[in-house]
Structures are given as structure tokens and as C-alpha cells.
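K.L.:
build me a model from this:
(one chain, ligands or ions: 1)
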Amino acid sequence: MSNINWAALQLAAKHASEQAYAPYSKFPVGVAVLAQSGKIYTGCNVENASYGGTVCAERNAIGAAIVAGERKFDALMVYTPQAQLTPPCGICRQVIAEFFMPDAPVASCNHLQQQQTWSLVELLPAAFTPTYLANSTKVDGNT
Ligand SMILES: O=c1ccn([C@H]2C[C@H](O)[C@@H](CO)O2)c(=O)[nH]1
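P.N.:
Residues are numbered from 1 along each chain as shown. Down below sits the predicted model:
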């Protein structure tokens, strides 16, 4: 998609990062996703004392959009307040692959107004997608 408002996504992701609950890592992350409806949804990372209960900003943004009725997305923007631009973690790449086309742009920005953009397929080549489930030959006992 060519008519993506990157500035709006950057600003929304930055605002979301300001709500991050990251007392353990001190690594605030904000994410904005652009749904095919044209609406932008945001999420921040929400950490947990168990550490393993932590949920990344990407998955919280996608979850907020899903509960609003969205199912398809055109772009994702990560914001972290550091010079090194941050791509989504592996678990989040898998969740992004559930709802974004392989060529969808996944971008990262920072407080220096820099942006780096990847396609989803660059970040997660040969993704496991729902089509594999449909092609399964079921074995007795596994139904
Ligand atoms: O793409 C990423 C990478 C990390 N985090 C969060 C998880 C944890 O709270 C902190 C450090 O990993 O950053 C995200 O939200 N998104």
C-alpha cells in the first residue's frame, strides 16, 4: 500500500510507548497498527513479575484491534526511544503473520525521527500460516 500515513503511525506508536509498563527491563515499546478499515490501534509492552507473563507491545496492539472487530492490517510501526531501531521479536512476528500479508510493511522508528522498514516476509520467511492446518492429513486418534 502506498498511501500509508507513516507520520501518524510514528506519533501513535510514540504515544503508546509512553504508557509502557516496563519496570523490569526499563525498555518501553509502543506499537501502532494500521487496520484495513483505515483506523490505527496501539499497544505498549506490559511486563510481569514472573517475566514470562510479559506481553509485547505488538501483540497488545493487534489484540486491541481484534477486539474492535478488525481482522486485516496494512502496516505496523514499532517505537523505541533508542538509536538502534527495533524489529518485532520472534513470537510477535508469528502473530503478525496471522493477520498481515507477507509483503506488508513492518517498520520501526525512534526519538531521532529515524525509520527502518522491512516486509513481513523478510522478518519471517517460510512462515507457518493457517493454510498448513487446512492441508493436514489427519491420523486416527488425533481428531
Ligand atoms: O519487539 C519487541 C521487543 C520487546 N518488547 C518488550 C518485551 C519486554 O517488555 C521488553 C524487553 O524485551 O520489551 C516488545 O514489546 N516488543
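
K.L.:
tell me how far Ala97 lies from Ala126.
P.N.:
Using CB to CB, to the nearest Å, Ala97 is found at 10 Å from Ala126. Quick note: C-beta positions are derived from backbone N, CA and C, even for glycine.

K.L.:
higher neighbour count, these two?
P.N.:
Ala97 (19 against 6; other CB atoms under 10 Å).

K.L.:
could you find the closest non-adjacent residue to the more buried one?
P.N.:
Closest residue to Ala97 apart from its sequence neighbours, by CB to CB, 6 or more residues apart in numbering: Ala127 at 4.3 Å.

K.L.:
tell me the SS of that neighbour?
P.N.:
coil (DSSP: H, G, I helix; E, B strand; the rest coil).

K.L.:
what does the chain put close to the ligand?
P.N.:
22, 25, 27, 29, 45, 47, 54, 56-58, 78, 86, 88-89, 92 (CB under 6 Å from any ligand atom).

K.L.:
any of those residues buried? List them.
P.N.:
Ala22, Val29, Asn45, Glu47, Cys56, Ala57, Glu58, Val78, Thr86, Pro88, Cys92 (16 or more other CB atoms under 10 Å).

K.L.:
surely Ala107 touches Trp6?
P.N.:
Yes. Between Ala107 and Trp6 there is a contact at 7.2 Å, judged by CB atoms under 8 Å.

K.L.:
can you map out the strands along this structure?
P.N.:
30-35, 40-44, 73-79, 105-109, 115-119 (DSSP state E).

K.L.:
turn those into JSON lines, columns for mean pLDDT.
P.N.:
Converted to JSON lines, these look like this (pLDDT from 0 to 100):
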{"stretch": "strand 30-35", "mean pLDDT": "98"}
{"stretch": "strand 40-44", "mean pLDDT": "99"}
{"stretch": "strand 73-79", "mean pLDDT": "98"}
{"stretch": "strand 105-109", "mean pLDDT": "98"}
{"stretch": "strand 115-119", "mean pLDDT": "98"}
